[in-house]
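1. Generate a structure from the sequence data that follows.
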Amino acid sequence: MDAMEEQKRIAAEEAKEKERERERERKKKEAEEQAKKDLEVAQRQAAAIEAERKRKREAAQELITSMLDQSVEPVPKPEVAAEDKAIDGEAARLERKAKLLKQAEELRQQQEQLKQKKAEEEVARRQRMRERRAARAADVAVVLD
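-> Now for the predicted structure:
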């Protein structure tokens with residue numbers, strides 16, 4: 001009777017452990033997906049800013065060329081310079097954000113690997129305990145026979 005209860009208890013523990021493992025895997029996948037989405041958004045924003053910067057550079061170059069064609073000395077507009085500076089600042093901010101997201105993802109992966117290793121060690125420890133209990137139960141059964 002006790003052996004059946006012990007088996008039921010062990011089976012319940014194993015079921016709980018499997019459920020916890022599934023939950024960990026689900027959370028891990030969700031975190032990876034979110035990190036990928038964040039990285040993609042940051043990359044798209046950086047690409048858009050770079051495209052805008054390129055467009056403005058080309059427009060400025062065209063303006064300079066047209067002014068030179070008219071034999072007029074080009075005068076940089078302070079508004080364009082301020083916009084370029086703002087765009088450069090935004091691009092740098094997005095690049096830093098992308099770098100931080102990447103570092104956070106690497107750290108999260110390291111932590112997940114550590115958790116996985118601990119979980120595997122715990123499963124192995126529980127298996128050893130079960131084997132010891134089974135060996136003791138077998139020894140007791142041999143002694144009782």
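
2. so what's the spatially most central residue of the chain up against?
-> Among the residues of the chain, residue 105 comes closest to the average C-alpha position under CA atoms, centre = their mean, at 3.3 Å. With CB atoms under 8 Å, 6 or more residues apart in numbering as the criterion, the residues that contact residue 105 are 32, 35, 39. Every C-beta, even on glycine, is put in place using the N, C-alpha and C of the backbone.

3. Adding pLDDT as columns, could you present these in a markdown table?
-> Compiled in a markdown table, the contacts of residue 105 are given as follows (pLDDT from 0 to 100):
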| residue | pLDDT |
| --- | --- |
| 32 | 92 |
| 35 | 87 |
| 39 | 87 |
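
4. nearest to residue 12, of those residues?
-> Compare each of those with residue 12 using CB to CB and the shortest gap goes to residue 32, at 30.5 Å.

5. which non-adjacent residue is nearest that closest one?
-> Take residue 32 and drop its neighbours on the chain: the residue closest to it by CB to CB, 6 or more residues apart in numbering is residue 105, 7.9 Å away.

6. Tell me how far residue 44 lies from residue 63.
-> Between residue 44 and residue 63 the distance, using CB to CB, to the nearest Å, works out to 29 Å.

7. next one: residue 15
-> 72 Å.

8. Between the two, which is the more surrounded one?
-> When neighbours are counted by other CB atoms under 10 Å, residue 63 comes out ahead of the other of residue 15 and residue 63, with 15 against 10.

9. Is there a neighbour count for residue 94? I'd like the number.
-> Around residue 94 there are 20 other residues, counting by other CB under 10 Å.

10. so what's it up against?
-> 42, 45, 46, 49.

11. Among the contacts of residue 105, name the buried ones.
-> By the neighbour-count criterion of 16 or more other CB atoms under 10 Å, these include these buried positions: residue 35.

12. quick check, nearest of the contacts of residue 105 to residue 120?
-> Taking CB to CB as the measure, residue 32 is the one of those closest to residue 120, at 19.5 Å.

13. And the pLDDT for residue 76?
-> As predicted, residue 76 sits at a pLDDT of 57.
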